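J.: Next comes the sequence, and after it the predicted model I'd like to discuss.
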Amino acid sequence: MNRNLFTGLMLSLLLALPLAAAAFAQGTPQGTPANEPAPAGSAQQGAGAESAQEPAAPPAAPATPSAPSAREPAGGPSGPGGPGAAGASAPSSVLAATDKSFIHDAALGSLEAEELGRLAAERASSPEVKSFGQKLADDHKQANDALKQIASSLQYEPPSRPSSHAKSERARLEKLSGADFDREFLDLVVKQHQKDISVFERESRRAAAPAGLKSFAGSTLKGLQDHVKMAQDLSSKVGAASPGRPSNSQ
């Protein structure tokens, strides 16, 4: 009896196995073929997941203009065609020593002649010497004003006051009166102007002199020569000593 029971159980198991295998095969989902494309949302979802995990790159900083080179002027390149070449060049601050000396001496000469001319216009005894003294003061003031403008354009400042020598000459003339004053004044004008003429002639002929300064020297030279001639003619009228000779009143 036990043997029959065992045999029946075995037969039941053998019959149940195919049924269980068939039931298992029907309940298992079929796999996706290798050549079948993945759903459209899967790739994007994967990319989104990766991008969500990876931090975004910081925005690029705006480009900073490079600082100009230490050798390059602030206005831009100065080479041909550059912005620096468009404007007119400023006058050079480098003035030759010869030109500085001329401006200095010419200014002092005009200041002295102007001061002496005013003194003669006030104290001369001869009406003609008075008139000449006024002309001398006016001409040299005009010349000195023109010289100041030229010197300013060359960035050089001429003297604005007479020298100590001019002050001593004025003090000497102030002690004289009448014909003595007239003679000494005219003699002093001739001596000083002859000295100035040599200075103006040299500057007017100097090839390297600035154009404005050279032109001023040439145009003023004629006036200096006229002053000498007028003083010499007046000296002969008032009985003054010939120019170049020492005065008896000294």
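T.: All right, it came through fine. Numbers count the residues shown, from 1 in each chain.
J.: which stretches of this structure have low pLDDT?
T.: 1-9, 11-93, 240-250 (pLDDT under 70).
J.: those helices in it, which residues are they?
T.: Along the chain, counting by DSSP state H, helices occupy 2-27, 40-53, 97-123, 127-153, 164-174, 178-205, 211-237.
J.: want to throw those into TSV with mean neighbour count?
T.: Where C-beta positions appear, they are placed from N, C-alpha and C, glycine not excepted. Listed next are those as TSV, based on neighbours: other C-beta atoms under 10 Å:
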stretch	mean neighbour count
helix 2-27	9
helix 40-53	10
helix 97-123	19
helix 127-153	18
helix 164-174	13
helix 178-205	19
helix 211-237	17
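J.: Quick check on residue 209: phi, psi?
T.: Per-residue torsions, residue 209: phi -70, psi 150 (degrees, to the nearest 10).
J.: Surely it is in contact with residue 217, unless I've mixed up the numbering?
T.: Yes. Here residue 209 reaches residue 217: they are 7.4 Å apart, a contact under C-beta atoms under 8 Å.
J.: Please identify every residue contacting each of these two.
T.: Each of 102, 203 lies in contact with both residue 209 and residue 217 under the rule C-beta atoms under 8 Å, 6 or more residues apart in numbering.
J.: Can you tell me the closest non-neighbouring residue to residue 195?
T.: Excluding the flanking residues, the one nearest residue 195 by C-beta to C-beta, 6 or more residues apart in numbering is residue 109, at 7.7 Å.
J.: and that neighbour, what does it touch?
T.: Taking C-beta under 8 Å, 6+ apart as the definition, contacts of residue 109 comprise 140, 192, 195, 196, 199.
J.: unless I'm mixing things up, residue 224 is touching residue 200, no?
T.: Yes. Between residue 224 and residue 200 there is a contact under C-beta under 8 Å: 6.3 Å.
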